[in-house]
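>>> Just to be clear, the model below is a prediction. Sequence and coordinates:
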Amino acid sequence: MKHEFVYSTSPAHIVFGEGKSATTGEWIENIGCRRALVLSTPQQQADAEELAALLGHRAAGVFARAVMHTPVDVTEQAMETVRQTVADCVVSLGGGSTTGLGKAIAYRTDLPQIVIPTTYAGSEVTPILGQTERGVKTTVRGASILPEVVIYDPSLTTGLPVAMSVTSGLNAMAHAVEALYAKDRNPISSLMAVEGLRAFKTSLPQIVQTPQDLERRSEALYGAWLCGTVLGTVGMALHHKICHTLGGSFDTPHAETHAIMLPHTAAFNALAVPDLLAPVADIFQGPVGGSLWDFAKNIGAPLALKGLGLSEADLDRAAEIATERPYWNPRPIDRQSIRALLQDAWEGKRPA
Ligand code: NAD
């Protein structure tokens, strides 16, 4: 039967538009709060300070020590600042790392979160928190983890370096590609995935040419919202399993790993579900894996895992871990075929 699905909507408020980060103070009040702790990475501290100044008495302080993979010790330091400043909500200004810290605080305290995303990773619209303790990464899901308000303001993304814009965009696109064949997909998640892919197909090449173009930045951020939303609503498969394996066990960088793997995992699954991935072939005008690889190459994305510091000898172990406790996948997997797929991605080969 064509139509058989479960559809649940997210309770979050999504605010979209140029300059809308200036409404953060109103949103703090709208959700019944008074004093926000503003979070950022050290690299974005100046932006966080500027936002706090704009918030005036609604800012409890700035904690600018967010780092990749949400280490628990950093969360504990931030919790101490929450207590000292008597903050009653958090505002996370940044990419997935800063959003992760806000989620980690909310998970422990139930404090409401407002997120102002400045990359395309999509974490702001998922109820998922990945955190690390003594080098081990664990993932939790929960209603308190999903941010209450997300403010997408493209004017805060013009400074995202081109190379990061490209890999972050491909990271988001990977959520959409996997959503198209997710076991629990629904008509809305598939519509959002296709629209998200279209948004990146048009915006990323133009961002590479003119990074300051607000219209294109807005289109990419719109894509990020769509792709992030499907990541938060349907299950992910082989692609995310391999990226979690490489990032978790071999410490490869998050967005770059997604960018390199996407054409390979999409080509692998296209053999099993060509109909479900037909929109990808249509949007990128060619065979699923090959056309995604061409698109990535044309916008200057990294193409080979060997460029990320992964050695060829690591591939056996990576294939073993990725197939040990696999996520559901539309095409059956075995260690040998995943090892071959990793070899191609390591060498940077164009998939057929
Ligand atoms: P990031 O947040 O680590 O940002 C990378 C760097 O870019 C940081 O130094 C940041 O300060 C800087 N930066 C961000 N936006 C900028 C801008 N507009 N201008 C200038 N510099 C900017 O990178 P990311 O790829 O967004 O996030 C990766 C992390 O997010 C990983 O830990 C990943 O696991 C997590 N993630 C989680 C989910 C989820 O649903 N839980 C989803 C996606 C990603």
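Everything's here; your move. Residues are numbered from 1 along each chain as shown.
>>> got a list of what the residue of the chain found nearest the ligand touches?
Evaluated by Cβ to the nearest ligand atom, the chain has residue 96 as its residue closest to the ligand, separated by 2.0 Å. In this view, the C-beta of every residue, glycine as well, is placed from N, C-alpha and C. Each residue near residue 96 by Cβ atoms under 8 Å, 6 or more residues apart in numbering is listed here: 119, 121-123, 254.
>>> What is the most widely separated pair among these?
Pairwise distances across these peak at 11.6 Å for 122 and 254 (criterion: Cβ to Cβ).
>>> And residue 345, how close does it get to residue 330?
In this view, residue 345 and residue 330 are 19 Å apart by Cβ to Cβ, to the nearest Å.
>>> The two - which one has more neighbours?
residue 345 (25 against 19; other Cβ atoms under 10 Å).
>>> From residue 34, how far out is the nearest residue to that one once chain neighbours are set aside?
Once flanking residues are discounted, residue 345 sits nearest to residue 264: 4.7 Å by Cβ to Cβ, 6 or more residues apart in numbering. Note on residue 264: its distance to residue 34, by Cβ to Cβ, is 49 Å.
>>> the more surrounded of the two?
More crowded of residue 264 and residue 34, by other Cβ under 10 Å: residue 264, with 27 against 13.
>>> Which strand or helix spans that one?
Residue 264 is part of helix 254-270, with elements assigned from DSSP states H and E.
>>> wouldn't residue 293 be in contact with residue 302 here?
No: counting by Cβ atoms under 8 Å, residue 293 stays clear of residue 302, with 11.8 Å between them.
>>> higher neighbour count, these two?
Between residue 293 and residue 302, counting by other Cβ under 10 Å, residue 293 is the more crowded of the two (26 against 21).
>>> for the residue nearest to residue 199 when sequence neighbours are not counted, what are its contacts?
Sequence neighbours aside, residue 223 is the residue nearest to residue 199 in space, at 3.2 Å (criterion: Cβ to Cβ, 6+ apart). By Cβ under 8 Å, 6+ apart, the contact set of residue 223 is 120, 169, 172-173, 195-200, 203.
>>> mind checking which helix or strand residue 223 is in?
helix 214-233.
>>> So which residues on the stretch 51-200 of the chain come close to the ligand?
Counting by Cβ under 6 Å from any ligand atom, the stretch 51-200 of the chain comes close to the ligand at 68-69, 94-98, 100, 118-119, 121-123, 126, 128-130, 156-157, 159-160, 164, 168.
>>> how about 8 Å then?
When proximity is defined by Cβ under 8 Å from any ligand atom, the stretch 51-200 of the chain lies next to the ligand at 66-70, 94-100, 103, 117-123, 126, 128-130, 139, 156-161, 164, 167-168, 171, 175.
>>> just the buried members of the residues you listed?
Among those, those scoring as buried are 66, 69-70, 94-100, 103, 117-123, 126, 128-130, 156-158, 160, 164, 167-168, 171, 175 (criterion: 16 or more other Cβ atoms under 10 Å).
>>> out of those residues, which are inside helices?
Taking DSSP state H, the ones among these that sit in helices are 96-100, 103, 164, 167-168, 171, 175.
>>> Sheet partners, orientation included, of the helix or strand of the chain with the lowest mean pLDDT?
Ranking every helix and strand in the chain by mean pLDDT, DSSP states H and E puts strand 136-141 at the bottom, with a mean of 88. Using DSSP bridges, the strands paired with strand 136-141 are strand 128-133 (antiparallel).
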